[in-house]
Structures are given as C-alpha cells and as structure tokens.
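> no FASTA, just this:
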C-alpha cells in the first residue's frame with residue numbers, strides 16, 4: 001500500500017463532487033449568485049492550506065466511511081444542504097467516476113494527469129476569485145513537488161492502492177451504461193482501441209534477437225484491437241495541454257445521473273468488514289478525521305442569506321424511495337455527534353483544540369475517542 005495515495009484520492013473525488021454539484025445547481029435553477037457562493041465556499045474549504053498540509057503527509061488510506069465523513073463535511077461547507085439519500089448518491093457517483101478513470105489510465109503515472117484535469121476544471125469555477133485561485137495553484141505546486149520525482153514503480157503502487165480501495169464497488173451509473181462503458185453488473189468495459197501509452201509502440205510486432213543483441217527476425221501478429229500511437233505526452237506542468245481527457249467534466253452538458261445497486265455490490269457489501277464488525281482502526285480513523293477536519297475552515301450559514309436544499313434526484317419522491325430501498329450495508333451513515341454542554345468537557349475540548357496548533361504530530365492517548373468526536377461537532 002502506498003502512503004502517497006490519499007491526496008490523489010481526495011482531490012480527484014473532490015473534483016467529481018464539484019462537477020456533480022455544479023450540474024445539479026444548474027438543473028434545479030438555483031440563482032447564479034447562490035450557486036457561485038456554494039462552489040466558492042466548498043473549493044475554498046477543500047484547498048485550505050492547513051488542510052492540504054495535513055492531507056499531504058505520508059499516511060495510509062482509511063475506510064470508505066471515514067473518507068465519506070470528510071466529504072459530507074465538505075459538501076455542507078456553504079449554504080447548501082443535502083439529505084442522506086442525496087449524499088449517498090453523490091458519493092456513489094464520485095467514487096464510480098474516479099474508479100473508471102483509474103482503470104483507464106494508460107500509464108500509472110497518468111493518474112497525476114487525471115488529477116491535473118480535475119484541478120484545471122475546478123479553476124474554471126473560480127475564475128473571478130483570485131484568492132481561491134491562488135489556493136488551487138498552491139496545491140498544484142505541491143502535487144508537482146511531491147509526485148514529480150516519483151518512479152514508475154511508485155506510481156504503479158499508487159494505482160494498485162486506489163484499485164484496491166475501489167475493488168468491491170460495482171454501482172451502475174446511467175451515464176456509463178448509456179455510453180456502453182459499463183455492463184449491467186456494474187463492471188466497466190475496458191477498450192481495445194485508441195492511443196497506446198506515451199512511448200509505447202502499437203502492438204502487433206514481435207522482434208527476436210540473438211545472444212549478441214542483434215535483431216534476427218520479425219514476426220507480426222493480429223492483436224484484435226484498433227490502436228494508434230500517442231500523438232504527444234500530456235503536460236505535467238502548472239499550465240499546459242494534458243492530452244488525456246480522463247478527469248474532465250463529463251457533466252458539462254446536462255445528463256441524467258441515476259445510480260443503481262448491482263447484485264454483486266449487494267452481496268459484496270454484506271461481507272465488508274466495516275459493515276459487519278467493529279473497525280479495529282476506529283479510534284485511529286477518528287484521530288485522522290479530527291486532524292483533517294480540524295484544518296477545514298467550514299462556513300455555517302449566517303446573516304440574511306438563507307440556505308437551501310439540493311436534491312440529486314429528479315423528484316423528492318425518488319429521493320425518499322432511494323433512502324428506503326438502499327441496502328443498509330451500503331449506506332455510509334455519517335456519525336452525528338452532539339457535543340456535551342458540560343463545562344468540564346468544554347475545557348477539555350479547548351485543551352485538545354489548542355494542541356492542534358502545534359506543528360509536531362500530537363501524541364493522542366487511547367481514551368480520547370469521545371473527545372475527538374465532540375470536537376468534530378464543535379468545528
């Protein structure tokens with residue numbers, strides 16, 4: 001497992017989340033100023049400097065439920081609200097889209113180009129907000145600094161870690177089904193055409209060499225595909241042509257975004273350890289979330305501007321039905337924490353929050369799970 005995977009997972013899933021929210025904000029005719037505020041607030045929170053510093057520290061991936069908690073917090077960083085069914089659907093769409101992109105990456109290193117495509121598109125949402133644009137550019141530079149010198153083997157390990165994370169997810173998405181890139185069982189169809197990875201020859205030729213390294217024979221074979229040579233390599237700089245289209249906004253034109261549970265997903269979900277047994281890393285994940293969410297500058301609705309609810313379904317009835325029919329094993333129920341009003345507990349929380357200002361990694365004791373949960377509610 002690669003300890004450099006989490007930033008790529010978070011940024012790409014966050015990019016997909018913004019694509020979907022932008023599409024739904026337009027589909028529900030939310031006024032432009034409110035829609036811009038929602039996207040600006042979420043992006044500003046997502047690329048918060050302290051949050052990024054914590055995110056980029058080498059660390060293993062945590063459970064889907066732990067990450068889902070972070071995205072739930074992120075989606076509600078502005079005046080918009082989602083109920084449980086819409087949040088479940090949002091997370092399903094995010095994860096299946098990025099899983100498809102990772103599967104189709106020509107080279108393991110190209111997952112970085114996918115990330116750059118997401119960040120390029122995010123910058124288009126905030127063209128009129130130079131401060132937030134600077135936050136995104138700083139993350140760009142951090143990505144180049146951290147991942148620019150990694151070897152092909154290290155990127156392969158990152159890709160393997162991502163695919164392991166997505167392994168049991170087979171949720172059918174209407175866009176993928178209509179484009180015939182996903183089967184009815186929720187599994188993706190890998191293409192046998194298009195450009196080969198940069199620097200690789202089109203298959204169809206076997207070269208045979210003697211013991212001195214001299215080519216002595218060529219044999220052609222039918223590969224059954226329709227491959228072409230890559231025209232050029234995508235740019236890994238702050239600005240440039242990424243060439244690869246994976247990670248760009250597939251919701252730029254209004255399209256339905258329905259999801260369905262496949263039979264395989266239901267069966268696999270019933271066997272997942274995080275649904276049927278207590279997670280032995282639960283307290284470690286709480287510590288991770290406390291550090292991570294502690295760096296997020298979430299804005300609560302205030303002042304005269306009222307909040308609004310966003311529905312990821314066509315109608316409220318569909319949303320209610322989805323909540324009733326979704327298998328319990330697949331519901332990423334977010335922990336709801338009610339912080340105690342006890343004076344002694346508030347003093348303890350203040351002490352813990354003060355520790356977050358220390359630059360060194362705090363040493364958490366083994367009995368602070370409740371305090372961390374309460375602190376998450378206070379943020």
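Structure's in. What do you need? Quick caveat, the model's predicted, so the values are computed rather than measured. Numbers count the residues shown, from 1 in each chain.

> quick one: average confidence on stretch 16-28?
For stretch 16-28, mean pLDDT rounds to 93.

> can you list contacts of it?
If you take Cβ atoms under 8 Å, 6 or more residues apart in numbering as the criterion, stretch 16-28 is touched by 34-35, 38-39, 42-43, 71, 74-75, 80, 90, 93-94, 97-98, 118, 121-122, 125, 249-251, 254-255, 257, 310-312. The way it works is simple: take the backbone N, C-alpha and C, and place the C-beta from them, glycine included.

> Weed out the non-buried ones from the residues you listed.
When the contacts of stretch 16-28 are checked for burial by 16 or more other Cβ atoms under 10 Å, the buried set is 34-35, 38-39, 42-43, 71, 74-75, 80, 90, 93-94, 97-98, 118, 121-122, 125, 249-251, 257, 310-312.

> Out of the contacts of stretch 16-28, list just those in helices.
Among these, DSSP state H puts 34-35, 38-39, 42-43, 71, 74-75, 90, 93-94, 97-98, 118, 121-122, 125 in helices.

> Quick check, residue 230 in contact with residue 198.
Yes - counting by Cβ atoms under 8 Å, residue 230 does reach residue 198; the two are 4.6 Å apart.

> show me where pLDDT drops low in the chain?
253-306, 316-317, 319, 322-323, 326-379 (pLDDT under 70).

> All the strands of it, residue numbers only.
In the chain, the strands defined using DSSP state E lie at 80-81, 171-173, 193-195, 205-209, 215-220, 226-228, 259-261, 308-309.

> Against which helices or strands is the fifth one packed?
Right, strand 215-220. Secondary-structure packing of strand 215-220 (3 or more Cβ pairs under 8 Å, 6 or more residues apart in numbering; DSSP states H and E): strand 205-209.

> and what of the fourth one?
Using 3+ Cβ pairs under 8 Å, 6+ apart as the contact criterion, the neighbours of strand 205-209 among helices and strands are strand 215-220.

> Show me the contact partners of the strand it packs on.
So strand 215-220 is in contact with 204-210, going by Cβ under 8 Å, 6+ apart.

> if we can go back for a sec, looking at the strands of the chain, which is buried most?
For the strands of the chain, the largest average neighbour count (mean count of other Cβ atoms under 10 Å) is found in strand 171-173, namely a mean of 21.

> Please enumerate the helices of the stretch 1-150 of the chain.
6-27, 32-46, 49-55, 64-75, 84-104, 111-125, 130-147 (DSSP state H, counting those that start in this stretch).

> what's the answer for the stretch 151-300 of the chain, then?
Assigned helices in the stretch 151-300 of the chain, in chain order: 152-166, 174-178, 263-269, 273-276, 282-294 (criterion: DSSP H, counting those that start in this stretch).

> ok, and what's touching the first one?
Where contact means Cβ under 8 Å, 6+ apart, the residues beyond helix 152-166 that reach it are 1-2, 4-5, 8-9, 61, 64, 95, 98-99, 102-103, 105, 107-109, 111-112, 147, 150.

> hmm, 10 Å instead?
1-6, 8-9, 12, 60-64, 67, 95-96, 98-103, 105, 107-112, 147, 150-151 (Cβ atoms under 10 Å, 6 or more residues apart in numbering).

> Mind checking which of the residues you listed are buried?
Listed as buried from the contacts of helix 152-166 are 2, 4-6, 8-9, 12, 61-64, 67, 95-96, 98-103, 105, 107-112, 147, 150; burial here means 16+ other Cβ under 10 Å.

> Would you mind measuring from the residue nearest to residue 189 when sequence neighbours are not counted to residue 197?
Leaving aside its sequence neighbours, residue 189 sits nearest to residue 181 (Cβ to Cβ, 6 or more residues apart in numbering; 5.3 Å). In this view, residue 181 and residue 197 are 19 Å apart by Cβ to Cβ, to the nearest Å.
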